[in-house]
Structures are given as C-alpha cells and as structure tokens.
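K.L.:
Predicted coordinates and the sequence they were generated for:
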Amino acid sequence: MTFDDLKAKSQAELDELFKASPAGPIPNGDAQGQAIVCPGSFWSRLIARFVHALAWQGKVFDAEHGVLRNRISAFGLNAIVATVYKGPSWLDQKECIVIDYSKTSTVAQWIRDEIREIEPGTYLGACAEYCGTQHTLMLLRIVAEPPDQFARWVEQQRQAAAELPSDSVAAAGRRVFLGTVCMTCHTVAGTDAKGRLGPDLTHLMSRATIGAGAAPNTRESLLSWVRNPDNLKHGSLMPAMQIDEKYLHQLVEYLLTLR
Ligand code: HEC
C-alpha cells in the first residue's frame, strides 16, 4: 500500500484499517522527520503547543531496549524518551505497539500513541491522548525501509529547495512567501525562511497529506489551507492571513515546486 492509497482513505476507513491490522514487530533504528512521523503530525502539535522553539526532528526506535527517543534540537538529541511495548489498544483492546511517555517524560507524560503494522514495513497509528482541538486528526504513519533506501531518502531531504526561473509564477510566489509572515514560522532550506513554529516546508510535496492527515496534499488542499487552515482543520495553530487571491495562487504555485 502506498501513501497515495492511504491518503485516499477517510478517517473512518483508516480507523477500520487500524482495527483490522496486527501489531507487527516493533520498528528498530534511526529515522528522521518524515520516515517515522509525517511532519505536522500529533508530534508537531505537541511541540507547537508547549515548546515553540523546537524543530521537527524525528525519532529513534530502539527495539532491543523497548524505547523511543525523540530528537529535539533545542534540548540536544534524544531528549524525550518513550517506552515502547506491545499492549492492548484503547481503541479495540486488541494488541498494538504502544508508544508511552507516561513514565519517562515530564514534558510529554500525557501522550500515548498506538501503532499497528498495516503491511510489511508500514505502520499506521493514532495519538491516543487528548492533546489538542484536532485530536481526531492526528494521523501517524511509520515506514520502515531498507537502510540504503532510507539513506537515499535522507540525502534527498537534506537538499535545499531548487532555484526557480525568475520570471515564473512560482518565483513570484516565492517572493510573496519570503516577503510575508510565512517565513517567520516556516523553514525552506536554501532561502531566508528559517521559522520553526510551523513544519519545515523544504520538501513539502514529498508528503502525502498536510495537517497531519487532515487533507491530501494537492493543489486544491493547499489553496484551501493557506486561504484559511480552519477550512480543513479547526483549531490549527496556523492563522488565516487574508491573503489576496492573486498572491495566494502565486504562493501555491511556489509550494508545488517544493519537492
Ligand atoms: C504563526 C505561524 C505561522 C505562519 C505565519 C504561517 N504558518 Fe503555515 N503552519 C503553521 C503551523 C503551526 C502549521 C501546522 C498546523 C497543523 O498541522 O495543524 C502550518 C502548516 C502549514 C502547511 C502544511 C504543512 C504540512 O506538512 O502539514 C503549509 C503548506 C503552510 N503552513 C504554508 C504557509 C504559508 C504559505 C504561509 C504564509 C502565507 C504560512 N504557512 C504562514 C504556522 C504558521
């Protein structure tokens, strides 16, 4: 099953898929950003709510010791630790992999996530604690990949955003992006945008969904989102900025180039 298949599913269908799947083996190893948790997931919300200065960094699973460490730059690496074990789901009481922060972290002690393997290497999960207005819209996807494939992905994610021809609509959109508040909250590597409150947008279009699974990552969703995030996700921490429709379209043309 690809991300495209997943993104076509409704929240109810995803819940069904989660219920129908076995727990699977606990994932093991190092991962950054999207390979483990789609940026903008429950985790970004936690950061956005409690520790504004932090970056989206990713998580490290350690199956042998049954722990997961979250990489958060402001505290140094591996600051928040969760215990990882198999246990009954709060959704249907059947076995799942539980990511539990209750005993290991004072910052995140009310957070608990549950994941299950929906096919070899791909896990689907849900944040199982109330931690924001859009509690039900916090989709978690975890993809375990062979090391070389993962290394290629990391390499790609480290690249700065591509230069654009200066006469294109997208280049106009980039000027809007860099000339307005967008850049105070978002990072686009290779530009002056270094904001940390919102997710890194350097490779926005490599994601299947936006807003932690709130909507598929398409031109229409992006237009709707930037016009007013509340259209897709009530209570989002990104404000509606009343952007003129002309500039809005330029902005979205630019976002679409962030591959
Ligand atoms: C006050 C901070 C702030 C400003 C200003 C801001 N954003 Fe955001 N943005 C966020 C936050 C926080 C999220 C994550 C929201 C969520 O998932 O609920 C987000 C999410 C997004 C997303 C979806 C990314 C994803 O992976 O889910 C896009 C696209 C985006 N912003 C574009 C923009 C653009 C374009 C502008 C300027 C017009 C802008 N943002 C201005 C805070 C901001």
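P.N.:
Right, received. Where do you want to start?

K.L.:
Work out for me the element Glu117 sits within.
P.N.:
For Glu117, the host element (DSSP states H and E) is strand 112-119.

K.L.:
now Ala151
P.N.:
Using DSSP H and E, Ala151 falls in helix 147-158.

K.L.:
picking that back up, list the pairing partners of the strand holding Glu117 within its sheet, with orientation.
P.N.:
Partner strands for strand 112-119, per DSSP bridges, with pairing direction: strand 95-100 (antiparallel), strand 122-127 (antiparallel).

K.L.:
related to what we said a few turns ago, what's the first helix or strand after the helix holding Ala151?
P.N.:
Next helix or strand after helix 147-158 toward the C-terminus (DSSP H and E): helix 169-179.

K.L.:
Now do the buried residues in the helix or strand just after that following helix.
P.N.:
Scanning forward in sequence from helix 169-179 by DSSP H and E, the next helix or strand is helix 182-185. For helix 182-185, the neighbour count (16 or more other CB atoms under 10 Å) marks 182-183, 185 as buried. No exception for glycine: its C-beta is placed from N, CA and C like everyone else's.

K.L.:
Can you tell me which residues in the stretch 101-250 of the chain are near the ligand?
P.N.:
Within the stretch 101-250 of the chain, the positions near the ligand by CB under 6 Å from any ligand atom are 177, 180-182, 184-186, 197-199, 201, 204, 207, 210-212, 222, 225-226, 233, 236-239, 241, 243.

K.L.:
Please flag which of the residues you listed sit within helices.
P.N.:
Judged by DSSP state H, these include 177, 182, 184-185, 222, 225-226 as members of helices.

K.L.:
Could you find which two of those residues are furthest from each other?
P.N.:
For these, the farthest-apart pair by CB to CB is Thr184 and Leu222; their separation is 19.1 Å.

K.L.:
which residues of this protein fall in strands?
P.N.:
29-30, 59-62, 67-70, 80-88, 95-100, 112-119, 122-127, 139-143, 209-210, 215-216 (DSSP state E).

K.L.:
For the ones you listed, which has the smallest mean pLDDT value?
P.N.:
When the strands of the chain are compared by mean pLDDT, strand 29-30 comes last with a mean of 49.

K.L.:
Who are the contact partners of the closest residue to Ser89 other than its chain neighbours?
P.N.:
Closest residue to Ser89 apart from its sequence neighbours, by CB to CB, 6 or more residues apart in numbering: Cys96 at 4.2 Å. Listed by CB atoms under 8 Å, 6 or more residues apart in numbering, the contact set of Cys96 reads 23, 86-89, 114-116.

K.L.:
quick one: Cys96 and the ligand, what's the gap?
P.N.:
24 Å (CB to the nearest ligand atom, to the nearest Å).
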